[in-house]
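1. Turn this into a model:
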Amino acid sequence: MMALTRDRVMSVLATVSMPDKGDLASRDMIRALTIDGGHVSFIIEAPSPEAAGAMEPQRKAAESAIAALDGVEKVTVILTAHGGTRPQPKKEAPNLRVGGHPTPQAGPQAIAGVKRVIAVASGKGGVGKSTVSSNLAVALAAAGRKVGLLDADILGPSQALMMGVTEKPTSSDGKQLDPLVAHGVKVMSVGAIVDPDQAVVWRGPMLMGTLQQFAFQVNWGDLDVLIVDLPPGTGDVQLTLAQKVVMTGALVVSTPQDVALLDAHKAIDMFGKVSVPILGLIENMSSYVCPNCGHEAH
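-> Numbering: from 1, shown residues only. Got it, this is the predicted structure:
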């Protein structure tokens, strides 16, 4: 039995012809091809939503052709469109979209009207960055500060749920998005734009473009501080923020476990390399105090 490889899968997809010309492989439509044992999954990305609407026969043909290969137990094929996962907010101007590619920029820039930009980061997911970010934003607002909260976790947005915002952002001028307001905090999150059950299947350039848009094409007004809730890791979004936005500093969140602290060290090292000061390290979820007896369990 021949080994199940990426080249073998792509050679089979090269036999699936397009209605006009070429095939799925030569037209560069295959994204996120993954081979996990006998499970093959990939995305067919059409150039437009209209083109995707006519490509169901090609999706089925690709699924059948891969399923016929030796060693394949399961096939998952998703048909999407370039730019098709960019729903527009209600009342939005036709030319204002979320999810475009980044635009050229000469070094980090200050966000108009924003005095301080603080990133909340970690190397590992699940340590409570979003909870820390939302609680910090609400606490600062309660103390009389003008606060904004930017959800930079584009693929796993949670601030819309955290802050309880359900309406979609609108635009009053067709050029900038107006942020939502909750608990005295101005909030912008892709979670308030896309359907809650819809996966955001975007590549790096679209993530970077969205972050740049959330920073510079949102009507933040005058803010004492803008808190940026970053995704875990040290990848595209973190580097883009450091390269595009003038930042006051970063807060790194970790839990007490060695494996979380290991990744927190990497996050601290990354900010050092891009010259962003570390304002502090927050140890989260270090203990639990029983509300009945008062016993503290680490």
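2. What are the boundaries of the helices in this protein?
-> 6-13, 49-53, 56-67, 129-142, 159-163, 204-216, 236-244, 258-273 (DSSP state H).
3. So which of those is nearest Lys175?
-> helix 204-216 (10.9 Å; CB to CB). Any C-beta I mention is one placed from the backbone N, CA and C, and that applies to glycine too.
4. Show me what that closest one is packed against.
-> For helix 204-216, the elements it packs on are strand 147-151, helix 236-244, judged by 3 or more CB pairs under 8 Å, 6 or more residues apart in numbering; DSSP states H and E.
5. list the buried ones in the longest one?
-> The one in question is helix 236-244. Residues of helix 236-244 classed as buried: Asp236, Val237, Gln238, Thr240, Leu241, Ala242, Lys244 (neighbour count, 16 or more other CB atoms under 10 Å).
6. what about that helix, average pLDDT?
-> For helix 236-244, mean pLDDT is 81.
7. What's the local residue count around Leu262?
-> Counted by other CB atoms under 10 Å, the residues lying close to Leu262 total 12.
8. Leu251 versus that one, what's the distance?
-> According to CB to CB, to the nearest Å, Leu262 and Leu251 sit 18 Å apart.
9. likewise Ser17?
-> Distance from Ser17 to Leu251, by CB to CB: 53 Å.
10. ok, the two, which is more surrounded?
-> For Ser17 versus Leu251, neighbours defined as other CB under 10 Å are more numerous around Leu251 (21 against 14).
11. excluding its backbone neighbours, what's nearest that one?
-> Distance criterion CB to CB, 6 or more residues apart in numbering; nearest residue to Leu251, sequence neighbours excluded, is Val120 at 5.0 Å.
12. Tell me what that neighbour is bridged to.
-> Asp229, Leu251 (DSSP bridges).
13. I figured it hits Ser133, correct?
-> Yes. Here Val120 reaches Ser133: they are 4.5 Å apart, a contact under CB atoms under 8 Å.
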